[in-house]
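> This is a predicted model, with the sequence first.
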Amino acid sequence: MTLASPRVIGLPHPPLSDGEILLRAWAAEDVPALVRACADPLIQRYTSVRIPYTPEDAQMLVDAGRTDTVLPLAVTDAHTGELLGAVGLHAVDDRRSRTEIGYWTVPWARRQGVALAALQMLAAWAMADPPGLALARVELYAEPDNLPSQQVAEAAGFVRADLVRGGIALRGRRRDVVRFVLERAANPAKFQ
Ligand SMILES: CC(C)(COP(=O)(O)OP(=O)(O)OC[C@H]1O[C@@H](n2cnc3c(N)ncnc32)[C@H](O)[C@@H]1OP(=O)(O)O)[C@@H](O)C(=O)NCCC(=O)NCCS
């Protein structure tokens with residue numbers, strides 16, 4: 001008897017781009033920039049990257065790639081190809097029609113709309129019934145003191161839902177998080 005292998009989430013095709021930034025799969029060429037970016041205290045504080053973050057850690061991200069529940073993407077400059085950040089779906093749950101989304105921007109490209117554009121593009125794509133996915137709800141978790149991330153979420157149309165006590169585990173410690181939600185039904189025009 002052969003067991004069906006879980007279907008890997010397909011890459012957005014054509015790649016998501018607004019002409020300024022472009023989302024693509026992680027590649028070996030990203031390793032040096034990933035290591036530089038993940039030395040940033042804010043990325044270390046608010047995401048689950050390993051500390052210290054080594055070239056081996058970066059290579060693991062490149063090699064791990066996509067699965068049936070995870071779609072990690074590099075956010076790049078559409079003109080130069082330079083790495084600007086990360087955005088990804090995780091905990092994709094087709095049965096419950098929901099996914100989580102996360103992001104960071106390299107310290108040297110902040111306040112230029114990178115996270116906002118990447119978040120909007122990937123969330124809209126996820127809710128537009130791409131092949132193999134049927135999602136109606138995207139959730140985003142930000143720590144209560146991470147006001148920049150919360151502003152990005154709200155600017156992208158996410159609605160602040162509730163405070164989830166101990167909602168995430170970071171480096172072995174449970175942390176409270178504010179849950180933001182984007183629902184297709186709540187914003188149908190955006191997803192037509
Ligand atoms: C939060 C983070 C992703 C924002 O990335 P960014 O690319 O700089 O964000 P954007 O330029 O798209 O910001 C969009 C809007 O969000 C708000 N915002 C973003 N960063 C802000 C900051 N440091 N202070 C105040 N408002 C901020 C602003 O309203 C901004 O619009 P404006 O610049 O026109 O005023 C980035 O600071 C980061 O990588 N932080 C560390 C990792 C992290 O916290 N990830 C999220 C975990 S939930």
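Ah, there it is.

> switch to C-alpha atoms for all contacts and neighbour counts from now on
Noted.

> correct me, but T69 touches I9?
Yes. Using Cα atoms under 8 Å, T69 makes contact with I9 at a distance of 7.2 Å.

> show me where this structure has helices.
Here the chain has its helices, by DSSP state H, at 31-37, 41-46, 55-64, 114-126, 147-155.

> so which of those gets nearest L16?
For these, proximity to L16 was assessed by Cα to Cα; helix 114-126 is nearest, at 6.6 Å.

> any idea of the angle the closest one forms with helix 147-155?
For helix 114-126 against helix 147-155, the angle by axes from the mean of the first three to the mean of the last three Cα atoms, to 10 degrees is 40 degrees.

> is the ligand contacted by helix 114-126?
Yes. Counting by Cα under 6 Å from any ligand atom, the ligand is contacted by helix 114-126 at 114-116.

> Quick one: residues contacting Q151.
Q151 sits next to no residue when contact means Cα atoms under 8 Å, 6 or more residues apart in numbering.

> same check, this time on the one 5 residues further on
A156 makes contact with 116, 119-120 under the criterion Cα under 8 Å, 6+ apart.

> go with 10 Å
115-121, 123-124, 150, 182 (Cα atoms under 10 Å, 6 or more residues apart in numbering).

> Which of those residues has the largest number of neighbours?
The most crowded member of the contacts of A156, judged by other Cα atoms under 10 Å, is A118 (29 neighbours).
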